[in-house]
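[1] fold the following for me, if possible:
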Amino acid sequence: MIVSFTSPASSRPSPAPPGDDEYRPDRPRLTELRLSAFAGHRRAGFPLGPLTLFAGPSGCGKTSALRAYEALARLGGGAGLGEVFPDPVACVPERARPDAQGRRGFRIGCTADGPEGPIRLDIAVQAEPDLRIVGERLAADGLVLLETALRDPSRRQVQAAWHTAGQAPVTRAPLPDDRLGTALIPLRVAGKTDGQRRVLAAAEQMVVALRSVFACDPSPGRMRAPVPTGSGRLLGGCDNLADVLWRTRAECCRRHSLLVAAVRAGCAGPVADVLAEPLADGTVRALLDRGDGIRTELGRLGDGELRYVALALVLLTGPGVLELDPAGEVPAALQTLTVLADGLDRGLDPGQRGELLRLAARMCERGHIRLVGAVSDATWAAGTDGVTVVHLKP
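    Okay, here's the model as predicted:
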């Protein structure tokens, strides 16, 4: 795999304000994804900007990069290893050979920047013969804050050691081998010493940066039929788009007007409004109001138009509308929503791609949303301010 990067000046980290030699963002966010050994990736590190596009032909590893990001996010939210990796062997590099005990696995990691500065997290996962985390390291400025290792394969636990800087330099205790230690450590560390408080702050920054991730890949085939009214929270496949429109149109007139403008720019024919209407059987259907007394069911639109409408809605809403697990204990002003969009350009014509990219750039520039997308080719994104392109080749 060959990797190259294109990062316009506007997509690089903002310079420190005058007089501040160590500027740190208030909102924790991931700035690097590392795939040391994962699926088709080896020794790979990818920069992540506010709007990042993984570009390349089929088989170059775009989807697996997004899958690794989502896996880290779910582990950061406290999910179990088996839930996050239902087919762990598929994540092992194809040519990876088992050791003398028949063990094979994979390694992934990331860097989160925020008030505590850059924090690195790296984990090693054993996929065979048993699925378990066999090593984890949380570090900042070259100092290891938390480290775990598998000492006894017969026990379903790892030995953890975290920075204390008190009477003892580290504290040791067992942790389960099917959970991310970084997500568990706030429940185990009292925060009595400066060292412990640093560990807590670093772990919390990493968890906040990882959470609030929405993996999105709209499926037009499931968006055409009326849907039952429900929670009004958009699913990753956008199947329940009509139900969400039924909710959002009444909740925020400003955002809805932005959605109408985006749909008008990306769909054929006049568009005066985008709405949902209830049907006699208790379901709702989505419609385009053409402004001349004609209403078009969204189900009559082409696949590209449906994907465009769904992706525009995702970018113009937030954690309260999308079906995800935000860090509820953290104020919304300190969180950043990250949208993972596989096949971002799938089915879109050049005009729709351009409109969607400009909308994404505007939304990401504000700082409360980030987008990581996979596209087959990114030449159409060249010259757009704020876009980081990661070129992948098999």
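[2] R198 belongs to a helix?
    Yes: using DSSP: H, G, I helix; E, B strand; the rest coil, the secondary structure at R198 is a helix.
[3] who are the contact partners of it?
    With contact taken as CB atoms under 8 Å, 6 or more residues apart in numbering, R198 is in contact with E116, A140, L145, H163, A165. In short, each C-beta sits where N, CA and C put it, glycine included.
[4] now with 7 Å?
    Applying CB atoms under 7 Å, 6 or more residues apart in numbering to R198 gives the contacts L145, H163.
[5] against H256, how distant is it?
    Distance of R198 to H256, given as CB to CB, to the nearest Å: 44 Å.
[6] same thing with A112?
    A112 is 33 Å from H256, by CB to CB.
[7] those two: who's more crowded?
    Between A112 and H256, A112 has the larger neighbour count (other CB atoms under 10 Å), namely 27 against 19.
[8] the more buried one: which element?
    Applying DSSP states H and E as the criterion places A112 in strand 104-113.
[9] that strand pairs with which strands, parallel or anti?
    In the sheet, strand 104-113 lines up against strand 29-38 (antiparallel), strand 119-128 (antiparallel) (DSSP bridges).
[10] mind listing what's buried along the last one?
    Within strand 119-128, the residues that qualify as buried by neighbour count (16 or more other CB atoms under 10 Å) are I119, R120, L121, D122, I123, A124, V125, Q126, A127.
[11] tabulate those in JSON lines, adding columns for distance to V389 and pLDDT.
    Output for these, formatted as JSON lines (distance: CB to CB, whole Å; pLDDT from 0 to 100):
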{"residue": "I119", "distance to V389": "25", "pLDDT": "98"}
{"residue": "R120", "distance to V389": "24", "pLDDT": "98"}
{"residue": "L121", "distance to V389": "25", "pLDDT": "98"}
{"residue": "D122", "distance to V389": "25", "pLDDT": "98"}
{"residue": "I123", "distance to V389": "27", "pLDDT": "98"}
{"residue": "A124", "distance to V389": "30", "pLDDT": "97"}
{"residue": "V125", "distance to V389": "29", "pLDDT": "98"}
{"residue": "Q126", "distance to V389": "34", "pLDDT": "97"}
{"residue": "A127", "distance to V389": "31", "pLDDT": "96"}
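[12] redo these as TSV? Include distance to G320.
    TSV is the format used below for the buried residues of strand 119-128 (distance: CB to CB, whole Å):
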residue	distance to G320
I119	27
R120	31
L121	27
D122	33
I123	30
A124	36
V125	33
Q126	38
A127	36
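[13] how about the helices in this protein?
    Across the chain, reading from the start of the chain, the helices by DSSP state H fall at 62-76, 81-84, 181-184, 194-210, 241-251, 253-266, 303-316, 350-365.
[14] closest one to P93 among the ones you listed?
    Nearest to P93, of all the helices of the chain, is helix 62-76, at 10.5 Å by CB to CB.
[15] could I get the average pLDDT for the closest one?
    In this model, helix 62-76 carries a mean pLDDT of 96.
[16] tell me what angle that helix forms with strand 29-38.
    Relative orientation of helix 62-76 with respect to strand 29-38: 110 degrees, computed using axes from the mean of the first three to the mean of the last three CA atoms, to 10 degrees.
[17] hmm, who's touching helix 62-76?
    Where contact means CB under 7 Å, 6+ apart, the residues beyond helix 62-76 that reach it are 33, 35, 38-41, 46, 54, 56, 84-85, 108, 110, 180, 183, 206-207, 210-211, 213, 215, 340, 342, 372, 374, 392.
[18] where does pLDDT dip in this protein?
    1-23, 324-334 (pLDDT under 70).
[19] now V208, nearest residue through space, not along the chain?
    Excluding the flanking residues, the one nearest V208 by CB to CB, 6 or more residues apart in numbering is P28, at 4.6 Å.
[20] surely that neighbour is in contact with A112?
    Yes: with contact defined as CB atoms under 7 Å, P28 counts as touching A112 (5.4 Å).
[21] list residues touching both of the two?
    Shared contacts of P28 and A112, defined by CB under 7 Å, 6+ apart, comprise Q205, A209.
[22] re earlier: output the strands paired with strand 104-113 as JSON lines; include the columns distance to G61.
    Converted to JSON lines, the strands paired with strand 104-113 look like this (distance: least, CB to CB, whole Å):
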{"stretch": "strand 29-38", "distance to G61": "8"}
{"stretch": "strand 119-128", "distance to G61": "18"}
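[23] which one, of these, ends up nearest to P169?
    P169 lies closest to strand 119-128 among the strands paired with strand 104-113, at 19.8 Å (CB to CB).
[24] list of residues touching the closest one?
    34, 88-89, 91-92, 98, 102-112, 132-140, 180, 182, 202, 205-206.
[25] now swap in stretch 97-116 and tell me
    Residues outside stretch 97-116 that contact it (CB under 7 Å, 6+ apart): 24-38, 68, 72, 91-93, 96, 118-129, 134, 140, 201-202, 205-206, 209.
[26] buried residues in stretch 146-161, which are they?
    If you call a residue buried by 16+ other CB under 10 Å, then stretch 146-161 has these buried ones: L146, E147, T148, L150, Q157, V158, A160, A161.
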